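Participant: Got a sequence here, can you build the structure:
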Amino acid sequence: MTARRPLRDQLRLPLTTDVIGGAATFVRSGSNAYAVDALAAWPNAAGRVMALCGPAGCGKSHLASAWAERVGAIPLNGAEAALTDPLELEGRPVLLDIAQDADDETLFHLINLAQHDGGALLMVSRPSPRRWAVQVPDLRSRLDAVRVVAMEAPDDAVMSAILAAQFAERSITPGDGVIDYLVLRIDRSAEAAAGIVARLDDEHRPITRALARQVLEASADLFSGTDEGLQP
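Facilitator: Next up, the predicted model:
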């Protein structure tokens, strides 16, 4: 962990956001309830290191950033975490997004620092730490012992909320049934929701189910792959 970046600069690093909007827009549902509950009172007796994992677009970075705001955690980001002086992190909660991209030495130091009074480390990634490729045996054993909290792909309630937020961000009021129609036909991720709303907005027409179907037909990369996907 050389060439340290001052903490005041490190704090400017952006988090990778899976869901549009702040903590107030996060929707609790069956796909994320376990993770929401796990972070609600953490850090606590469950330990000072936790990993929050799940597929792209499930809202894990969104939930983690809400946790960081609540506890005053220092946000770090993947390989960039190596630029921070670990002494500036002692006794502070830390959020490490894209955690699997951090180097072995950085991960080892962050896990150790989390054990100090006032410390905690929340690592966010798609794969579980048990699947990360690391070379240091002591780090491997520490990662294998980390509590892993998994999130699932967004369910209907979350996808509806993401689409509604995307439309609202563009000051668009979609027609009746448009959001329900899209929920059943696009990939279950915030990226897909943002993509389809942007394409609909580009049409510069009222957003109806008929228009949604037309745009989806021309946007196969957003399909969920179900046979009934394009049925009116």
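Participant: Could you use CA atoms for every contact and neighbour count after this?
Facilitator: Fine.
Participant: Which pLDDT value belongs to residue 138?
Facilitator: What the model reports for residue 138 is a pLDDT of 94.
Participant: Which helix or strand contains it?
Facilitator: Residue 138 is part of helix 137-145 when elements are defined by DSSP states H and E.
Participant: Can I get that helix as CSV, trimmed to CA atoms?
Facilitator: What follows is helix 137-145, C-alpha atoms only, in CSV (Å, rounded to 0.1, in the frame of the first residue of the first chain):
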residue,chain,number,x,y,z
PRO,A,137,-2.7,-17.7,2.8
ASP,A,138,-3.5,-15.6,5.9
LEU,A,139,-5.8,-13.4,3.8
ARG,A,140,-7.5,-16.5,2.3
SER,A,141,-8.4,-17.8,5.8
ARG,A,142,-9.7,-14.3,6.9
LEU,A,143,-11.9,-14.0,3.8
ASP,A,144,-13.2,-17.5,4.2
ALA,A,145,-14.3,-16.5,7.8
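Participant: what's the following helix or strand after that helix?
Facilitator: Helices and strands here follow DSSP H and E; after helix 137-145, the next one along the chain is strand 147-150.
Participant: Just list what that next one packs against, helices and strands only.
Facilitator: With contacts defined as 3 or more CA pairs under 8 Å, 6 or more residues apart in numbering; DSSP states H and E, the packing partners of strand 147-150 are helix 33-40, strand 49-53.
Participant: and the longest one, average pLDDT?
Facilitator: So that's helix 33-40. Computed over helix 33-40, the mean pLDDT rounds to 92.
Participant: Now do the buried residues in that helix.
Facilitator: Neighbour-count burial for helix 33-40, counted by 16 or more other CA atoms under 10 Å, picks out 34-36, 39.
Participant: which outside residues touch that helix?
Facilitator: Contact with helix 33-40 is made by 28, 52, 63, 67, 149-151, as judged by CA atoms under 8 Å, 6 or more residues apart in numbering.
Participant: Let's see if you can find the most crowded of the residues you listed.
Facilitator: Among the contacts of helix 33-40, the one with the most neighbours (other CA atoms under 10 Å) is residue 52, at 26 neighbours.
Participant: Does that residue touch residue 129 like I think?
Facilitator: No: the pair residue 52 / residue 129 is not scored as a contact, 9.4 Å apart, by CA atoms under 8 Å.
Participant: isn't residue 159 right up against residue 191?
Facilitator: No: taking CA under 8 Å as the contact criterion, residue 159 and residue 191 are not neighbours in contact, 10.8 Å apart.
Participant: okay, these two: which has more neighbours?
Facilitator: For residue 159 versus residue 191, the count of surrounding residues by other CA under 10 Å is larger for residue 159: 28 against 17.
Participant: I am finished for the moment; much appreciated.
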